[in-house]
Structures are given as C-alpha cells and as structure tokens.
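Novice: Give the three-dimensional model of this entry:
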Amino acid sequence: MSNPHGDPGHGDSPAAWTAVIVMLLGIAAGTVFFFLNIPALVWASVGVVVVGALLGWILSKAGFGVNGPKYAVKSHD
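Specialist: Sure thing, here's the model as predicted:
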C-alpha cells in the first residue's frame, strides 16, 4: 500500500521503534513483577518505561526521528 500524500508515517523511525520496544519491555516486566508481588521491581519497571520515553526523545533530537537527517526513508514496494 503506497502513501500518496508523502506522509512519512507516524513514528516509523529508529527513535520511535527504540522507544516503543524499551517501553514495551518495561511494561511486560512490570506486569510480571506485579503478579509476583515484588513492588520494588514494579517501580523499577516504571523507571524503564520513563527511560524508554526519554530515549525516544533523545534519539529524535539526535536526528533519528522521522524528519531527522540520519533517518532514511525505505520504500515498501
């Protein structure tokens, strides 16, 4: 499916993928630790989610975001 409007996508960049993967791992770990009733590790997992969000923002500012100079659009033909 092509994109006729030239929209690069909603977060289809290395910065976004990195942030989402780190945050997903934090949420998954937090869920397991919540089930196992280990509050300290639940809060550590919350910290991982925050770090993931900051990592995405930092990578975006470093040029790895959708409109960044280090991001190369790949065709999906």
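
Novice: Quickly find the element holding Ala28.
Specialist: Using DSSP states H and E, Ala28 sits in helix 14-35.

Novice: how close does Ile21 get to Ala40?
Specialist: For Ile21, the distance to Ala40 (CB to CB, to the nearest Å) stands at 24 Å. Glycine gets a C-beta too; all of them are placed from N, C-alpha and C.

Novice: Those two - which one has more neighbours?
Specialist: In terms of neighbours (other CB atoms under 10 Å), Ile21 is the more surrounded of Ile21 and Ala40; the figures are 13 against 8.

Novice: can you tell me how far that one sits from Ile58?
Specialist: For Ile21, the distance to Ile58 - CB to CB - is 15 Å.

Novice: Same question for Trp43.
Specialist: Distance from Trp43 to Ile58, by CB to CB: 22 Å.

Novice: Same check on Phe34?
Specialist: 28 Å.

Novice: could you measure Trp57 against Val50, distance?
Specialist: Taking CB to CB, one finds Trp57 at 11 Å from Val50.

Novice: shared neighbours of those two, which are they?
Specialist: Taking CB atoms under 8 Å, 6 or more residues apart in numbering as the contact rule, Trp57 and Val50 have no neighbour in common.

Novice: Would you mind measuring from the spatially most central residue of the chain to Ser13?
Specialist: Centroid-nearest residue in the chain, with CA atoms, centre = their mean: Ala19, separated by 1.9 Å. Using CB to CB, we find Ala19 at a distance of 10 Å from Ser13.

Novice: The residue lying farthest from the centre of the chain in helix, strand or coil?
Specialist: For the chain, the residue at maximal distance from the C-alpha centroid (CA atoms, centre = their mean) is Asn37, at 26.7 Å. For Asn37, the assignment made with DSSP: H, G, I helix; E, B strand; the rest coil gives coil.

Novice: dump the residue contacts of the residue nearest to the centre of the chain.
Specialist: By CB under 8 Å, 6+ apart, the residues touching Ala19 are 52-53, 55-57, 59.
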